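Student: 3D, please:
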Amino acid sequence: MDTLIHADIFFFVTTIAVVVVGAALTVLIVYLVGVLQNAKRISEEFRAETVLLRQDLADLRAEVRRRGAEAGSAMDWIGRFVGMKKKPRSKKK
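Tutor: Take a look at the predicted model:
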């Protein structure tokens, strides 16, 4: 009889543990689905921006080819993006 009570207690505790772990896994999966949806949205935006970047670079190449010998103007255009280093100011005495 004592063994039967111990078995009932064991199965009761095990059932509670399984329910708690199942609920925790359900919550985890719901959050994981949300994170994956956000990652998909971000990757789609990244893909769209890379297409625009390719178009800008193609326009830049076309501009360089069109101007031919005026390669300095393309360097000026790139310099505006990169931010050329400024010359150090002379110190006042």
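Student: need the mean per-residue confidence for the strand or helix carrying Thr14.
Tutor: Using DSSP states H and E, Thr14 sits within helix 2-67. Here helix 2-67 scores 92 as its mean pLDDT.
Student: quick one, what contacts Glu45?
Tutor: Contacts for Glu45 (CB atoms under 8 Å, 6 or more residues apart in numbering) come out as none. Bear in mind the C-beta positions are built from the backbone N, C-alpha and C, glycine included.
Student: how near is it to Val35?
Tutor: Distance, Glu45 to Val35, by CB to CB, to the nearest Å: 16 Å.
Student: ok, now Leu60?
Tutor: Leu60 sits 37 Å away from Val35, going by CB to CB.
Student: same check on Leu4?
Tutor: 47 Å.
Student: same question, Val82
Tutor: On the measure of CB to CB, Val82 and Val35 end up 35 Å apart.
Student: ok, now Thr3?
Tutor: Taking CB to CB as the measure, Thr3 and Val35 are separated by 47 Å.
Student: and Asp56, by the same measure?
Tutor: 31 Å.
Student: what does Ala17 give?
Tutor: 27 Å.
Student: swap in Asp2?
Tutor: Taken as CB to CB, the span from Asp2 to Val35 is 50 Å.
Student: got it, and Arg47?
Tutor: Distance from Arg47 to Val35, by CB to CB: 19 Å.
Student: what does Arg66 give?
Tutor: For Arg66, the distance to Val35 - CB to CB - is 46 Å.
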